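S.K.: only geometry, no sequence info:
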């Protein structure tokens, strides 16, 4: 109970930070807009999907997932900045929940993710993407994307504590995130890759969310027949939960060891 | 210097450290650190950089794990009941531990809420503290824009949102101008008058003298001397008279004159042509010494009367210099 209240208070602190530096809000929107325009419009207009549908409709759910993934960079650097601040000593000497600084970050970043999600949907509609299975299915897809984002937020929190230097964190995130998106079904079907690479791509947690979201939005998918492709919805729920179950306790433990 | 644990109840002992040990790799930060602070008193922990003062405070405030020994604060074991300790303490460190982005008011409200004050009570308490520490005019500005003195006051106010039973002040006035320092001292005295126990670390003899009931001198991770400020000053000696003569040949004569007049042990530095001795009545001694030297035809290049430095206090209390790396053969 205290963990929830304190996390809520700390999320409020992080949101007040944003209100006090509004230029940060511009950053919130820049990545989604850039990703949709660059990937959706530039690449999407030049390729065709074998079979049916446009490449742009195929690609955009992947771009949504990519945006969720790259968001963990902002989380990681915010935590690294926080960990270096003197105020952390005060938080640690207060009788508050140990997890609150971290869950407060996760909470504030969920708010940010909702804003990013709205931007993605609006930009997507502008470049011709549509949801075709009704509002309920579309909302379910958005929920899956946000679930992935929450899980990745905790990975970002852990990363920010492991590399407690705000300048280094940004450099570390890209080489970790880029192969993850390339080795997935975001851009091409895993079936088109060499067999072992295709297996990695099929089991990639990002692929699960991308496949499930394509299905719920009614956008063209890769139509693969592997086990993970057939159980995409299950994996799109299980992967983030598993990721969170590992990353969140590890991050809290790591935070408690700060300054030892 | 073993701490007697028997017969000491939680009501009378606010802070107890018993043989605390802490190592960072090959460096020993605390090497059997013992401390007893009776409730309602101010204890000054005096020592140079690296003596272990901050390490001791960080352990006692639950920020740092320790390797050996026992620590109790406000009646709770620091190692096994850290959350109970946190409920009873306030900490104002060397670097202001406030949120630099939030305003002064937002900081105090946040810390009040985190200490379980209801929203309205937290706001009311924040306003009280802003008034009391003269921060009301800047209450809605980012703490990052505050001057050093204002930030320290906000930091202290943040420690008092819920009045702590034990307040830890880690070098609270390091880097402050004299006016801000006096303001902070006044605030600390007010707190003590209200019954708060204070553990204060400092590098300044004068600060310990001003605030503390008892002073512990820390060196190389342990307490090497303890007493009231008067007791320690009596051991250190009062002011010192220092003379520099023009000719090296005159140094022994000057030393003899100084020794005859002060009746104290004279320190001689032949290379710098300097002699010095502790004095009690400094003006009388100065007048007499200068007249005697003039009668003896000795040219004096420089004269000064000064308080003992922390370095000299250390030399006297510990038998070695404060910054010395050679710890061998030091009898403690």
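M.R.: Nice, thanks for sending it over. Note that the coordinates shown come from a computational prediction; the quantities given were computed from them, not determined experimentally. Numbers count the residues shown, from 1 in each chain, chains lettered A, B, ... in the order given.
S.K.: and whichever helix or strand residue A:80 is part of with chain B, contact?
M.R.: Using DSSP states H and E, residue A:80 falls within helix A:55-83. No. Under the criterion of C-beta under 8 Å from any C-beta of the partner chain, chain B is not reached by helix A:55-83; the shortest gap measures 9.5 Å. Where you see a C-beta, it was placed from the backbone N, CA and C, and this is true even at glycine.
S.K.: which strands and helices sit next to that helix?
M.R.: helix A:23-35, helix A:100-126, helix A:135-162, helix A:166-182, helix A:205-217 (3 or more C-beta pairs under 8 Å, 6 or more residues apart in numbering or on different chains; DSSP states H and E).
S.K.: Let me know which of these is tucked in deepest.
M.R.: helix A:205-217 (a mean of 26; mean count of other C-beta atoms under 10 Å in any protein chain shown).
S.K.: if we can go back for a sec, figure out how far the next helix or strand after the helix holding residue A:80 is from the centre of its chain.
M.R.: Downstream of helix A:55-83, the first helix or strand assigned by DSSP H and E is helix A:87-93. In terms of C-alpha atoms, centre = their mean, to the nearest Å, the centre of helix A:87-93 is found 29 Å from the chain centre.
S.K.: and if you look at stretch B:260-277?
M.R.: Averaging C-alpha positions (C-alpha atoms, centre = their mean) puts stretch B:260-277 29 Å from its chain's average.
S.K.: got it, and stretch A:176-183?
M.R.: 13 Å.
S.K.: Then stretch B:258-270?
M.R.: On C-alpha atoms, centre = their mean, the centre of stretch B:258-270 falls 30 Å from the chain's centre.
S.K.: buried stuff in that stretch?
M.R.: B:258, B:261, B:262, B:264, B:266, B:267, B:268 (16 or more other C-beta atoms under 10 Å in any protein chain shown).
S.K.: which ones are touching the fifth one?
M.R.: It stands for residue B:266. Residues in contact with residue B:266 (C-beta atoms under 8 Å, 6 or more residues apart in numbering or on different chains) are B:255, B:258, B:259, B:275, B:276, B:277.
S.K.: How about the last one?
M.R.: Residue B:268 sits next to B:251, B:252, B:255, B:274, B:275 when contact means C-beta under 8 Å, 6+ apart.
S.K.: How about the fourth one: what's its closest non-neighbour residue?
M.R.: Spelled out, that is residue B:274. Spatially, and ignoring its direct neighbours in sequence, residue B:274 is nearest to residue B:244 (5.0 Å; C-beta to C-beta, 6 or more residues apart in numbering or on different chains).
S.K.: Then the last one?
M.R.: Taking C-beta to C-beta, 6+ apart, and ignoring the residues beside it in sequence, residue B:275 has residue B:255 as its nearest neighbour in space, at 4.6 Å.
S.K.: quick revisit: can you list the strands that the one helix or strand the residue nearest to residue B:274 maps to pairs with?
M.R.: Following DSSP H and E, one finds residue B:244 within strand B:240-245. Note on strand B:240-245: by DSSP bridges, its sheet partners are strand B:274-278 (antiparallel), strand B:300-306 (antiparallel).
S.K.: what is the rounded mean pLDDT of that strand?
M.R.: Mean pLDDT, strand B:240-245: 88.
S.K.: do the same with stretch A:6-21
M.R.: 92.
S.K.: How far does it sit from its chain's centre?
M.R.: 20 Å.
S.K.: now do stretch B:12-32
M.R.: The answer for stretch B:12-32 is 17 Å, by C-alpha atoms, centre = their mean.
S.K.: Now it: buried residues?
M.R.: For stretch B:12-32, the neighbour count (16+ other C-beta under 10 Å) marks B:13-22, B:28-32 as buried.
S.K.: hmm, it in reach of chain A?
M.R.: No. On the criterion C-beta under 8 Å from any C-beta, stretch B:12-32 is out of touch with chain A, staying 9.1 Å away.
S.K.: what about that stretch, how long is it end to end?
M.R.: Distance across stretch B:12-32, first residue to last, is 23 Å (C-alpha to C-alpha, to the nearest Å).
S.K.: For the chain, give me the ranges with low pLDDT.
M.R.: Picked chain A for this. A:44-53, A:259-260 (pLDDT under 70).
S.K.: That was the other one, I meant chain B.
M.R.: Using pLDDT under 70, chain B drops low at B:1-11, B:237-238, B:308-314, B:318-332.
S.K.: And the strands in it?
M.R.: Taking DSSP state E, the strands of chain B run over residues B:13-24, B:27-38, B:42-46, B:68-73, B:76-77, B:89-92, B:166-170, B:197-202, B:214-219, B:222-227, B:240-245, B:267-269, B:274-278, B:300-306.
S.K.: Nearest to residue A:105, out of those strands?
M.R.: Minimum separation from residue A:105 across the strands of chain B (C-beta to C-beta) falls at strand B:89-92, 22.7 Å.
S.K.: Give me the sheet partners of the closest one and which way each runs.
M.R.: strand B:166-170 (parallel).
S.K.: now residue B:76: how far from chain A?
M.R.: Look at residue B:76 and chain A: by C-beta to the nearest C-beta, to the nearest Å, they are 11 Å apart.
S.K.: Report the beta-bridge partners for that residue.
M.R.: residue B:73.
S.K.: so what's residue A:126 up against?
M.R.: So residue A:126 contacts nothing (C-beta under 8 Å, 6+ apart).
S.K.: what's the spacing between it and residue A:36?
M.R.: Distance, residue A:126 to residue A:36, by C-beta to C-beta, to the nearest Å: 8 Å.
S.K.: For the most centrally placed residue in chain B, list each beta-bridge partner.
M.R.: The centre of chain B sits closest to residue B:202, judged by C-alpha atoms, centre = their mean, with a distance of 2.0 Å. Beta-bridge pairing of residue B:202 under DSSP bridges involves residue B:46.
S.K.: show me where chain B has helices.
M.R.: Secondary structure of chain B (DSSP state H): helices at B:53-60, B:82-88, B:104-114, B:119-132, B:148-159, B:178-193, B:205-211, B:229-236, B:251-262, B:282-295, B:310-318.
S.K.: All good on my end, thank you.
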